[in-house]
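1. have a look; sequence and predicted model below, questions after that.
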Amino acid sequence: MAESRLLSEDAQDTNTNQGAIATGHLALVPTWLPLDIAANAGYNAAGNGGDGTSVGTISSNTLAVFMPSNSAIAGPQTDADAQQGNNALINQDSTEMAGLGGHGGSGNLAIGSADNANLAGNGGNGTFLGALVSTDTAVFAPVNTAVAAGPGATASAEQTNNAAIFQGGTQIGGVGGSGGGHNVAGGAASGSHGATFIYNGDSYAGHGGDGTFIGSMIDVNVAVFSPINIAVGAAGGDAAAAQTNNAIFDQGGMQVAGIGGSGGGFNLSSDTIFTGNAVGGDGGTGYSNGSLVDVSIGYFHPVNIAVPAGGTAEADQLNHVLYDQHTLQIGGIGGAGGEGNIANAHSALVDDILNVLDG
């Protein structure tokens, strides 16, 4: 049978009930923990993630314009040939994060006075108040023109354009940190009712931080693709205009707000006899209040014109466009609880034990 260990202030107390209670429950107290610990006012904390708080507005505004122009103009009895190739990569992707709590550590011990709170390996709370705003605008408007102005004139214009425009946005606000694992939060013994291992404070070990978001997330993307191809053949002239356009618009967005951190695993938040509140490996609360707004506008307006004004005009235009306007919005999600945690294991025995002692 394990031997009971007494606090220094109770060294002269030989109360048999005290010894019996301590001996019966010492299995939950690691033998290496020092039980003679001086009282510490307030709380004891080890390995906890810091809170993240943001108050205000975060804004990102970007504008990109791509307007290449290619022209071939031939007078009477002349030849004109214009060729143009353009490649554009426009990346307007933005990431905005505010009010994120830090993750709790692992393998920490917080132990102190029986009436104080003890915190070990808990994720910090994430709080955001305000708005995250991101506005992206991109214009792709290539122009290709061939004009044969007069008899015997020959004009040829060829233009190839490749454009990839990325306007994806990631906005994250009010996310609690995840709790760590293998933490111990407990208190030194209290002498109430003559028992060595009665603990009255609160213990939190491996608890996921709460995530709170109040405000609005706004992400507005505008993409304009308007290619123009024109061939004009005057009297006796020969005009040919060929234009090929390939465009990719990625306007996908992700908005995450008010997400509670996940609880850790294999944490101990208890004492032999525990009368306070205990949390071990619980997921944090997720709360979101406001609006998540994502507006994506894709405008595709190709123009192809052939004008045979007494001559010959030929206009060829080939366009390939891919728009991706997907959006993922998540708000007010509680964190998942951990596994293998022990919290307040013997609190159900407290009333019966204290009644026996009082009797």
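-> Good, I have the coordinates. None of these values were measured; they are calculated from a predicted model.
2. where does the stretch 201-350 of the chain have low pLDDT?
-> The model of the stretch 201-350 of the chain has pLDDT under 70 over residues 201-202, 204, 268-281, 340-350.
3. in it, which spans are strands?
-> Listed from the start of the chain, the stretch 201-350 of the chain has strands (DSSP state E, counting those that start in this stretch) covering 203-205, 211-225, 228-233, 238-250, 253-259, 268-269, 273-274, 278-280, 286-300, 303-308, 312-324, 327-333, 342-343.
4. indicate which one of those is closest to Thr78.
-> Proximity of the strands of the stretch 201-350 of the chain to Thr78 was assessed by Cβ to Cβ; the nearest stretch is strand 238-250, lying at 11.4 Å. Placement of C-beta: from N, CA and C, glycine included.
5. quick one, strands of the stretch 51-200 of the chain?
-> Taking DSSP E, counting those that start in this stretch as the criterion, the stretch 51-200 of the chain carries its strands at 52-66, 69-74, 79-91, 94-100, 109-112, 117-120, 126-140, 143-148, 154-166, 169-175, 184-187, 198-199.
6. format those strands as a markdown table; extra columns: mean pLDDT and mean neighbour count.
-> Supplementary listing: the strands of the stretch 51-200 of the chain in a markdown table, determined by pLDDT from 0 to 100; neighbours: other Cβ atoms under 10 Å:
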| stretch | mean pLDDT | mean neighbour count |
| --- | --- | --- |
| strand 52-66 | 84 | 15 |
| strand 69-74 | 93 | 20 |
| strand 79-91 | 90 | 15 |
| strand 94-100 | 86 | 21 |
| strand 109-112 | 70 | 22 |
| strand 117-120 | 74 | 27 |
| strand 126-140 | 87 | 23 |
| strand 143-148 | 94 | 27 |
| strand 154-166 | 92 | 22 |
| strand 169-175 | 88 | 28 |
| strand 184-187 | 70 | 29 |
| strand 198-199 | 50 | 26 |
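7. gap between the residue lying closest to Gly174 once chain neighbours are set aside and His207?
-> The spatially closest residue to Gly174, leaving aside those adjacent along the chain, is Phe213, at 3.4 Å (Cβ to Cβ, 6 or more residues apart in numbering). Look at Phe213 and His207: by Cβ to Cβ, to the nearest Å, they are 19 Å apart.
8. between these two, which one's more packed in?
-> The residue with more neighbours, out of Phe213 and His207 and counting by other Cβ atoms under 10 Å, is His207; that gives 39 against 32.
9. of the strands of the stretch 51-200 of the chain, give the one that comes closest to Gly253.
-> Distance to Gly253, taken as Cβ to Cβ, is lowest for strand 169-175 among the strands of the stretch 51-200 of the chain, at 4.7 Å.
10. report the angle between that closest one and strand 126-140.
-> Using axes from the mean of the first three to the mean of the last three Cα atoms, to 10 degrees, one finds that strand 169-175 and strand 126-140 are set 170 degrees apart in direction.
11. give the partner strands of strand 169-175 in its sheet and their orientations.
-> Strands flanking strand 169-175 in the sheet, each with its direction: strand 94-100 (parallel), strand 253-259 (parallel) (DSSP bridges).
12. any idea what the nearest residue to Glu314 once chain neighbours are set aside is bridged to?
-> In space, not counting the residues next to it along the chain, Glu314 is nearest to Ala240; the distance is 4.6 Å by Cβ to Cβ, 6+ apart. The partner list for Ala240 in beta bridges (DSSP bridges) reads Ser156, Glu314.
13. isn't Ala240 up against Pro308?
-> No - judged on Cβ atoms under 8 Å, Ala240 makes no contact with Pro308 at a distance of 11.4 Å.
14. looking at the two, which is more packed in?
-> Ala240 (21 against 17).
15. so who does the more buried one touch?
-> Ala146, Ala155, Ser156, Ala157, Ala231, Ala313, Glu314, Ala315, Asp316 (Cβ atoms under 8 Å, 6 or more residues apart in numbering).
16. hmm, 6 Å instead?
-> Ala240 makes contact with Ala146, Ser156, Glu314 under the criterion Cβ atoms under 6 Å, 6 or more residues apart in numbering.
17. look up how far Ala72 lies from the residue nearest to Asp79 when sequence neighbours are not counted.
-> For Asp79, ignoring the flanking residues on the chain, the nearest one in space by Cβ to Cβ, 6+ apart is Thr154 at 4.5 Å. In this view, Thr154 and Ala72 are 9 Å apart by Cβ to Cβ.
18. what count of nearby residues applies to the residue lying closest to Gly124 once chain neighbours are set aside?
-> Among residues not flanking Gly124 along the chain, Gly101 sits closest, at 3.2 Å (Cβ to Cβ, 6+ apart). A count of nearby residues for Gly101, using other Cβ under 10 Å, gives 30.
19. over to the one 4 residues further on?
-> Using other Cβ under 10 Å, Gly105 has 21 other residues around it.
20. nearest spatial neighbour of it, chain-adjacent residues omitted?
-> Nearest non-adjacent residue to Gly105, counting by Cβ to Cβ, 6+ apart: Gly47, 3.4 Å away.
21. that older thread, hmm, the residue nearest to Gly174 is touching Gly258, no?
-> Yes - counting by Cβ atoms under 6 Å, Phe213 does reach Gly258; the two are 3.9 Å apart.
22. intersection of neighbour lists for these two?
-> Both Phe213 and Gly258 are in contact with Gly174, Ser288, where contact means Cβ under 6 Å, 6+ apart.
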